[in-house]
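Undergrad: My questions concern the predicted model and sequence given below.
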Amino acid sequence: KNQVEQSPQSLIILEGKNCTLQCNYTVSPFSNLRWYKQDTGRGPVSLTIMTFSENTKSNGRYTATLDADTKQSSLHITASQLSDSASYICVVTEANYGQNFVFGPGTRLSVLP
Amino acid sequence: GAGVSQSPRYKVAKRGQDVALRCDPISGHVSLFWYQQALGQGPEFLTYFQNEAQLDKSGLPSDRFFAERPEGSVSTLKIQRTQKEDSAVYLCASSLGPLSNQPQHFGDGTRLSIL
């Protein structure tokens, strides 16, 4: 069964610190992997989209990595800000099934002053 | 507006009532998706439209759930004879084309509470 797992489930860090969130998946065949940020009470907002051939992609202070061989991805947040407090969701698209997006459960990040 | 708009933002209904949730996608977006999100969980796929055609409804949990997009723009998700387990946030997303590598733009959802 296609699955996406994320760790940790939740994370608390101090403002200004860096952190890394993990995503493991079993989706096959693979098309692309996305990271979303979801603020409380809001819809998810796209951070990055990576295809099979891309190992890393950055969006400001957010850097995503992808290892398609081990089926792992990470999202690194540099110099965290209070506004980074949100859920971060990893989504993997199945290649031969058009619009089949498999969502992970998310990591809840809290940035404290 | 420039983004995906959903209404109402909150809906409270008694068990057994019918509800209708509306989604206005970004103008010109071909693809439209509905998701159900339980508290503390990631979104779960419900159904997918390409223009007015409902190409995938495999995620609809029962025949009480029905979605339509008659003119290829606005979509409505209808839930008949609501049950307590239907309580969740219902998210709508749209993307410009049918390709799966295009970004999805989400609305802020409708929070449905069934009493």
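TA: It's in.

Undergrad: Which residues of chain A lie near chain B?
TA: Residues of chain A lying near chain B by Cβ under 8 Å from any Cβ of the partner chain: A:4, A:31-32, A:34, A:41-46, A:49, A:51, A:89, A:91, A:93, A:95, A:98-101, A:103-106, A:108. Using the backbone N, CA and C atoms, a C-beta is placed for each residue, glycine as well.

Undergrad: Just the closest residue of chain A to chain B, please.
TA: Proximity of chain A to chain B (Cβ to the nearest Cβ) peaks at residue A:43, 3.2 Å away.

Undergrad: contacting residues around the residue nearest to that residue when sequence neighbours are not counted?
TA: Closest residue to residue A:43 apart from its sequence neighbours, by Cβ to Cβ, 6 or more residues apart in numbering or on different chains: residue B:106 at 3.2 Å. Contact analysis of residue B:106 by Cβ atoms under 8 Å, 6 or more residues apart in numbering or on different chains lists A:43-45, B:4, B:91-93.

Undergrad: which two from those end up farthest apart in space?
TA: Farthest apart among those by Cβ to Cβ are A:45 and B:92. That separation is 14.2 Å.

Undergrad: Just want to know which of these two has more residues nearby.
TA: More neighbours surround residue B:92 than the other of residue A:45 and residue B:92, with 28 against 15 (other Cβ atoms under 10 Å in any protein chain shown).

Undergrad: Quick check, residue B:103 in contact with residue B:97.
TA: No. Judged on Cβ atoms under 8 Å, residue B:103 makes no contact with residue B:97 at a distance of 10.7 Å.

Undergrad: close enough to count as contact, residue B:5 and residue B:110?
TA: No. Contact between residue B:5 and residue B:110 fails when scored by Cβ under 8 Å: they sit 10.8 Å apart.
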